[in-house]
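[1] Sequence and predicted model, in that order:
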Amino acid sequence: MLELKKVKTAYGQSQVLFGVDLQVNDGEVVTLLGRNGMGKTTTIHSIMGLVKARSGEIIFDGNHVREWPAYRVARAGMGLVPEGRQIFPNLSVVENLVATASNRLKNQHPWTLERVFELFPRLPDRTQNMGNQLSGGEQQMLAIGRALMTNPKLLILDEATEGLAPLIRMEIWECLKGLKSSGQSILVVDKNIEALTRFADRHYIIEKGRVVWTGDSKLLSTNKEIQHRYLGV
């Protein structure tokens with residue numbers, strides 16, 4: 001579904017990505033891991049067209065999308081839950097969900113308000129609250145719901161549970177497990193290795209703009225040396 005080949009990205013004269021390779025297959029949950037400042041968000045932004053990769057290939061659903069503008073990438077079937085959530089603070093919960101809702105790819109069972117509220121039972125009681133009146137956890141649930149309302153082929157989460165309370169984190173993980181069981185393809189950036197290895201299929205670790213390790217959950221969970229070398233504080 002998604003493949004990156006030798007992707008290089010820079011901000012002005014400062015190069016951040018140095019030939020990143022990554023692949024997400026249909027129905028997989030794949031993670032992108034690494035310490036802060038190693039290029040994870042730049043990789044996500046390069047995929048989404050929010051920053052233009054200078055070279056390499058980004059192939060999504062058979063299309064070469066590296067040169068595409070961000071709106072066209074989104075319309076092709078990528079849904080982003082951005083770092084910091086970035087919900088609309090002056091729109092209600094319902095307005096946030098319907099503002100960008102679409103079914104351009106003609107999903108036979110599209111996401112609706114009812115499905116989102118079933119996935120996140122906390123939100124129905126907040127339907128008329130403004131975005132800035134929600135807790136951090138509720139905002140993250142709303143951001144995920146907003147992305148799902150675009151009916152994406154690939155759901156991308158940048159820092160899925162950063163700054164959230166442990167109980168809310170558990171709810172987010174259970175949500176992602178449920179989405180996986182329904183066949184949703186997911187690319188997720190987060191730091192919670194223990195939770196991710198319970199349901200993700202494969203993992204990529206990025207260090208200084210390069211992928212330095214890749215493997216499945218069993219390999220990552222048992223390889224404490226790799227965890228300490230590339231993910232430890």
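    The structure has been received and is ready for your questions. Numbers count the residues shown, from 1 in each chain.

[2] residues contacting residue 103?
    Counting by CB atoms under 8 Å, 6 or more residues apart in numbering, residue 103 touches 110, 151. No exception for glycine: its C-beta is placed from N, CA and C like everyone else's.

[3] Help me confirm that it is found in a helix?
    No - Residue 103 is assigned coil when assessed by DSSP: H, G, I helix; E, B strand; the rest coil, not a helix.

[4] That one and residue 179: what is the separation?
    Separation of residue 103 from residue 179 (CB to CB, to the nearest Å): 17 Å.

[5] what does residue 188 give?
    Distance from residue 188 to residue 179, counting by CB to CB: 10 Å.

[6] Can you pick out the residue with more neighbours from those two?
    Neighbours per residue (other CB atoms under 10 Å) separate residue 188 from residue 179, with residue 188 holding more: 25 against 18.

[7] Now do the contacts for the more buried one.
    Contacts for residue 188 were tallied using CB under 8 Å, 6+ apart; they are 29-32, 156-157, 160, 176, 196, 200.

[8] Which residue, other than its chain neighbours, is closest to it?
    residue 157 (4.5 Å; CB to CB, 6 or more residues apart in numbering).

[9] just residue 184 next, same as before
    Sequence neighbours aside, residue 155 is the residue nearest to residue 184 in space, at 5.8 Å (criterion: CB to CB, 6+ apart).

[10] Wait, that neighbour touches residue 182, no?
    No - applying CB atoms under 8 Å, one finds residue 155 not in contact with residue 182, separated by 11.0 Å.

[11] And these two? Which one has more around it.
    A side-by-side neighbour count of residue 155 and residue 182, using other CB under 10 Å, places residue 155 first with 23 against 9.

[12] just how off-centre is stretch 114-126 within its chain?
    Its chain's C-alpha centre and that of stretch 114-126 lie 20 Å apart, by CA atoms, centre = their mean, to the nearest Å.

[13] meant to ask about stretch 127-143, not that
    From the chain centre to the centre of stretch 127-143 is a distance of 18 Å (CA atoms, centre = their mean).

[14] Contacts only, for residue 27.
    Residue 27 sits next to 180, 183-185 when contact means CB under 8 Å, 6+ apart.

[15] let's see it at 6 Å
    Counting by CB atoms under 6 Å, 6 or more residues apart in numbering, residue 27 touches 183, 185.

[16] Can you read off the backbone torsions of it?
    Backbone geometry at residue 27, expressed as degrees, to the nearest 10, gives phi 80, psi 0.

[17] And for the top helix by length along the chain, what's in contact with it?
    As assigned by DSSP state H, the longest helix anywhere in the chain is helix 166-181. Residues from elsewhere that reach helix 166-181 (CB under 6 Å, 6+ apart): 29, 119, 137, 161, 195, 199.

[18] how about the CA coordinates for that helix, as CSV?
    Backbone C-alpha positions of helix 166-181 (Å, rounded to 0.1, in the frame of the first residue of the first chain) are rendered in CSV as follows:
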residue,chain,number,x,y,z
PRO,A,166,-2.2,5.9,31.2
LEU,A,167,-5.9,5.0,31.2
ILE,A,168,-6.5,7.1,28.1
ARG,A,169,-3.5,5.5,26.4
MET,A,170,-5.0,2.1,27.0
GLU,A,171,-8.2,3.3,25.3
ILE,A,172,-6.3,4.5,22.3
TRP,A,173,-4.4,1.2,22.0
GLU,A,174,-7.6,-0.8,22.2
CYS,A,175,-9.1,1.5,19.5
LEU,A,176,-6.1,0.8,17.2
LYS,A,177,-6.4,-2.9,17.9
GLY,A,178,-10.0,-2.8,16.9
LEU,A,179,-9.2,-0.9,13.7
LYS,A,180,-6.6,-3.4,12.8
SER,A,181,-9.0,-6.3,13.3
